[in-house]
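S.K.: Compute the structure for the input listed below.
(2 chains)
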Amino acid sequence: MGDPILSVENIKKSFNGVPILKGVDLCLNKGEIKILIGPSGAGKSTLLQCMNCLVPPDSGKFRLEERTVDITNKRELYVYRQQVGMIFQDFNLFDHLTALDNLTIALRKVKKMGKKEATARALAELSRVGLEEKTHLYPAQLSGGQKQRVAIARALTMDPKVLLLDEPTSALDPEVMGEVIDVIRNLAKRGMTMIMATHQINLIRTLADEILFMESGAVVEQGQPKVLLVPGTRSQGFCDKLDILTGKIK
Amino acid sequence: MLSPFYQELVSSLNRGLLMSLYLIIPSAVGGILLGIIVGCFRAFGNTFVRKMCDTYAAIFRGTPLVVQLFILYFGLPNIGICLSSYTAAVLGFVLCSGAYQSEYIRGALLSIKQNQYSAAQALGFSRFQSIVWIIIPQALRKALPGCSNEIIYLIKYSSLAYVVTCMELTGEGKAIATEYFRFTEVFAVIGLYYLLLVSLAILVLKKVEKATLIPGFGQF
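M.R.: Residues are numbered from 1 along each chain as shown, chains lettered A, B, ... in the order given. Okay, here's the model as predicted:
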């Protein structure tokens, strides 16, 4: 630890004068997994989208591996985004492309890779998430879990240094949630640096190096699970409620 | 054997049909291309470009095609631009068709979900790349039924080329009708020719729609 990859400072964002993020600071070290929790409307999703400027923040400083990123410079921003992968709640696969082409199009258009090389790379990533049989199916022909696995494979083809995951399992039914969670666990094993918003209680408990509890646009609690998940903290209260929902506590 | 009247009618109409095809095919292709470009500018351009393209569409959708053709053929020579009747007709059709096509394209572009754009951006696509490689391919498929409709209109309004002395199907037929004073038969046959052309176009456009179909995209 202590080898920062991505740090953001003082991210602020308001929509129509309503502050959604009130100056968030965040630093991700290499191989670290941070998990964002907190009630709906706390700003978790906005924070993740600000971190790769899909939602341009009103203010904020970005540093990726020692280098300050000027997000107002388009070219710099596009290169930055290639290195900061994003996984969406609703998968956001390209509807008009097969699973394979969802991966190759970014390699070919953004990384300017040749067709053969791109296809080989894409096939490797797809088989790593267990979808080598589904390469020629369109998004509409895939289940939710398969779609999310394609989306993760697509993000990985860009060799990102950090992955932002915005509630990756929230749109999935319990039957297929497991296959996506397995893929995320595998990523963690391979040392991928990640920041993830999730309500998946076992991911929070088992994966998090650090938990960030957000409320009304600010991080109100922050710490390692063993420090934070003790009686009396907001985070523990929140996780208890998740446990009640999943039936672990009656 | 056909009577001399019908022999002359058929040979004139066939000549006219060929000219009609020469008019329709480049006009349809040009109209679609112009429609895509203008439609994109109207959906994604900056304020200035958008206003310019909106104005173009408003003018060409808001004035009769005959007026546009007259201005191109008889009006432009006043400022030193002389177009052949064929060029004037094709130009008029492309400009008019492009204006309508841009509206179908614009509607389709705006119907593409924002998340498709976000996904492309998140992978490092530039705005231009996102639009060209993700948004447009999806939008074109959605616009296809509307664009086909416009091509079918174009086939029929190509009959206006004869007012700028470009002798296509209707022009040739009208000459025969006037010569023999047999309007009913002549225009009935002309109508059949157009019906045939349109049916053929529908067949081809359906094939295109089928060939570009993607499972689960734009179908129920």
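S.K.: so does the helix or strand encompassing A:F62 get close to chain B?
M.R.: Here A:F62, judged by DSSP states H and E, is contained in strand A:59-64. No. Strand A:59-64 lies out of reach of chain B by CB under 8 Å from any CB of the partner chain, never closer than 13.0 Å. All C-beta atoms are positioned from the backbone trio N, CA, C, and that covers glycine.
S.K.: Give me the helices and strands touching that strand, please.
M.R.: With contacts taken as 3 or more CB pairs under 8 Å, 6 or more residues apart in numbering or on different chains; DSSP states H and E, strand A:59-64 sits against strand A:4-15, strand A:67-69, helix A:74-83.
S.K.: who touches the residue minimising distance to the centre of chain A in this structure?
M.R.: By CA atoms, centre = their mean, chain A has its centre lying nearest to A:L165, at 1.4 Å. By CB atoms under 8 Å, 6 or more residues apart in numbering or on different chains, the contact list for A:L165 reads A:L48, A:M86, A:I87, A:I184, A:M194, A:I195, A:M196, A:A197, A:T198.
S.K.: contacting residues for the residue in chain A positioned nearest to chain B?
M.R.: Closest approach between chain A and chain B, counting by CB to the nearest CB: A:A140, at 2.1 Å. Residues in contact with A:A140 (CB under 8 Å, 6+ apart) are A:D95, B:I214, B:P215, B:G216, B:F217.
S.K.: run the last query once more with 7 Å
M.R.: A:A140 is in contact with B:P215, B:G216, B:F217, counting by CB atoms under 7 Å, 6 or more residues apart in numbering or on different chains.
S.K.: Kindly confirm my reading that it is in a strand.
M.R.: No. Assessed by DSSP: H, G, I helix; E, B strand; the rest coil, A:A140 does not belong to a strand; its assignment is helix.
S.K.: Could you dump the contacts of A:L165 into TSV and include distance to chain B, neighbour count and pLDDT?
M.R.: Shown next, in TSV, are these (distance: CB to the nearest CB, whole Å; neighbours: other CB atoms under 10 Å in any protein chain shown; pLDDT from 0 to 100):
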residue	distance to chain B	neighbour count	pLDDT
A:L48	10	22	95
A:M86	4	24	96
A:I87	9	25	96
A:I184	17	25	92
A:M194	15	24	95
A:I195	14	24	95
A:M196	15	26	94
A:A197	15	24	94
A:T198	18	23	90
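S.K.: Among those, which are located in strands?
M.R.: Judged by DSSP state E, the subset of these located in strands is A:M86, A:I87, A:M194, A:I195, A:M196, A:A197.
S.K.: thought the third one was touching A:I35?
M.R.: No. Counting by CB atoms under 7 Å, A:I35 is not a contact partner of A:M194; they are 8.6 Å apart.
S.K.: Can you spell out the domain ranges of chain A, please?
M.R.: Residue ranges for the domains of chain A, per automatic domain parsing: A:26-65+A:161-250, A:94-160.
S.K.: so which of the ones you listed gets nearest B:N14?
M.R.: domain A:94-160 (41.7 Å; CB to CB).
S.K.: Which strands and helices lie in contact with the longest helix seen in chain A?
M.R.: In chain A, with assignment by DSSP state H, the single longest helix is helix A:174-189. With contacts taken as 3 or more CB pairs under 7 Å, 6 or more residues apart in numbering or on different chains; DSSP states H and E, helix A:174-189 sits against helix A:144-157, helix A:201-207.
S.K.: Distance from the chain centre to that helix, please.
M.R.: With CA atoms, centre = their mean, to the nearest Å as the basis, helix A:174-189 stands 13 Å off its chain's centre.
S.K.: what do you get for stretch A:82-94?
M.R.: The chain centre lies 8 Å from the centre of stretch A:82-94; the measure is CA atoms, centre = their mean.
S.K.: Now do that stretch: distance from first to last residue.
M.R.: With CA to CA, to the nearest Å applied, stretch A:82-94 spans 17 Å between its terminal residues.
S.K.: who's in contact with it?
M.R.: By CB under 7 Å, 6+ apart, the list of residues contacting stretch A:82-94 from outside reads A:6, A:51-52, A:64, A:102, A:105, A:110, A:139, A:147-148, A:150-152, A:155-156, A:158, A:160-168, A:170-171, B:115-116, B:118-119, B:122, B:124, B:134.
S.K.: do stretch A:108-115 as well
M.R.: A:Q82, A:L107, A:A118, B:L123, B:G124, B:F125, B:Q129, B:W133.
S.K.: How confident is the prediction for the second one, by pLDDT?
M.R.: Read that as A:L107. The score at A:L107 is 95. That number is its pLDDT.
S.K.: Then B:V66?
M.R.: With respect to pLDDT, B:V66 scores 95.
S.K.: picking up where we left off before, which of the domains of chain A has the highest mean neighbour count?
M.R.: Per residue and on average, the most neighbours among those fall to domain A:94-160, with a mean of 20 (mean count of other CB atoms under 10 Å in any protein chain shown).
S.K.: Work out the gap between it and the centre of the chain.
M.R.: Put simply, domain A:94-160 sits 17 Å off its chain's centre (CA atoms, centre = their mean).
S.K.: Then stretch B:206-218?
M.R.: With CA atoms, centre = their mean as the basis, stretch B:206-218 stands 21 Å off its chain's centre.
S.K.: any bit of it sitting next to chain A?
M.R.: Yes. In terms of CB under 7 Å from any CB of the partner chain, part of stretch B:206-218 sits within range of chain A, namely B:I214, B:P215, B:G216, B:F217.
S.K.: Tell me who's in contact with the last one.
M.R.: Residues touching B:F217, when contacts are defined by CB under 7 Å, 6+ apart, comprise A:D95, A:H96, A:A140, B:R141.
S.K.: Could you list the low-confidence segments of the chain?
M.R.: Reading this off chain A. For chain A, the stretches flagged by pLDDT under 70 are A:1-2, A:248-250.
S.K.: Please refer instead to chain B.
M.R.: By pLDDT under 70, the weakly predicted segments of chain B are B:218-220.
S.K.: Near chain A, which residues of it? Just list them.
M.R.: Within reach of chain A by CB under 7 Å from any CB, chain B has these residues: B:115-116, B:118-119, B:121-126, B:129, B:133-134, B:137-138, B:141, B:214-217.
S.K.: Could you pick out the buried ones from those?
M.R.: B:116, B:118-119, B:121-126, B:129, B:133-134, B:137-138, B:141, B:214, B:217 (16 or more other CB atoms under 10 Å in any protein chain shown).
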